[in-house]
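Undergrad: After the sequence you'll find the predicted model.
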Amino acid sequence: MAKKDKNDKETASDGVIAGNKKAYHDYQILSSMEAGIALHGTEVKSCRMHSVSLQDAFAKIDKGEVFVYNINISPYSHGNRFNHTPMRQRRLLLHKREILRLSQQVKEKGYSLIPLKMYLTRGKIKIQLGVAKGKTFEDKRDTLRKRQDDLDMRRAMKV
């Protein structure tokens, strides 16, 4: 097996553990940032097996720390008594100035922190956290209409 060079970059889909497609449908993503996550040993092994669901997950800032809720990391199959609870709150690892910047953005009415994807970078598990504003029903319909119009236009140009 050939050894990978340090200059060879992995494609974005290689390291992705889980994605949150519903977030892009339900929210308008304004900005995003990368954060580390504090996990137990069996959680890391489950993540490497892609046993993660980010659906309905959200993050909150509490006493100067950022916690993420409702991430379902399935129990590790070989974890026996040292297994973790699947739906516990997990701490995100961010610098203080990043937490202050996020808290300023989230203080505005209607904005929230949503995990967009979980991925591996150089052996570490990271989360892409987005500052998002909820879409209304009409906004969702407009997005679907624009997507359908673009698809129709590409089909017409192809012919």
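TA: That came through fine.

Undergrad: Which residues does the helix or strand harbouring Met153 contact?
TA: Per DSSP states H and E: Met153 is located in helix 137-158. The contact list for helix 137-158 (Cβ atoms under 8 Å, 6 or more residues apart in numbering) reads His25, Asp26, Gln28, Lys135. Backbone N, C-alpha and C define where each C-beta goes, glycine included.

Undergrad: now swap in stretch 71-79 and tell me
TA: 39, 42-43, 45-47, 49, 51-55, 57, 83-84, 86-87, 90, 115, 118.

Undergrad: Are we agreed that Ala35 is in a strand?
TA: Yes - counting by DSSP: H, G, I helix; E, B strand; the rest coil, Ala35 is found in a strand.

Undergrad: In terms of helices and strands, where is the closest residue in space to it that isn't next to it in sequence?
TA: Distances taken as Cβ to Cβ, 6 or more residues apart in numbering place Leu92 nearest to Ala35, at 4.4 Å, with adjacent residues excluded. Per DSSP H and E, Leu92 falls inside strand 90-93.

Undergrad: The helix or strand that that strand is followed by - contacts with which helices or strands?
TA: Remark: after strand 90-93, the chain's next helix or strand is helix 96-106, criterion DSSP H and E. Contact here means 3 or more Cβ pairs under 8 Å, 6 or more residues apart in numbering; DSSP states H and E; on that basis helix 96-106 packs against strand 27-37, strand 58-62, strand 65-69, strand 111-121, strand 124-134.

Undergrad: Could you rerun that using 10 Å?
TA: strand 27-37, strand 58-62, strand 65-69, strand 90-93, strand 111-121, strand 124-134 (3 or more Cβ pairs under 10 Å, 6 or more residues apart in numbering; DSSP states H and E).

Undergrad: so where's this structure uncertain?
TA: 1-14 (pLDDT under 70).

Undergrad: The same query, at a cut-off of 80, please.
TA: The model of the chain has pLDDT under 80 over residues 1-14, 79-82, 84, 159.

Undergrad: Contacts only, for the nearest residue to Gly64 once chain neighbours are set aside.
TA: Ranked by Cβ to Cβ, 6+ apart and with sequence neighbours excluded, the top spatial neighbour of Gly64 is Ile99, at 6.4 Å. Applying Cβ atoms under 10 Å, 6 or more residues apart in numbering to Ile99 gives the contacts Ala35, Ile61, Gly64, Glu65, Val66, Leu92.
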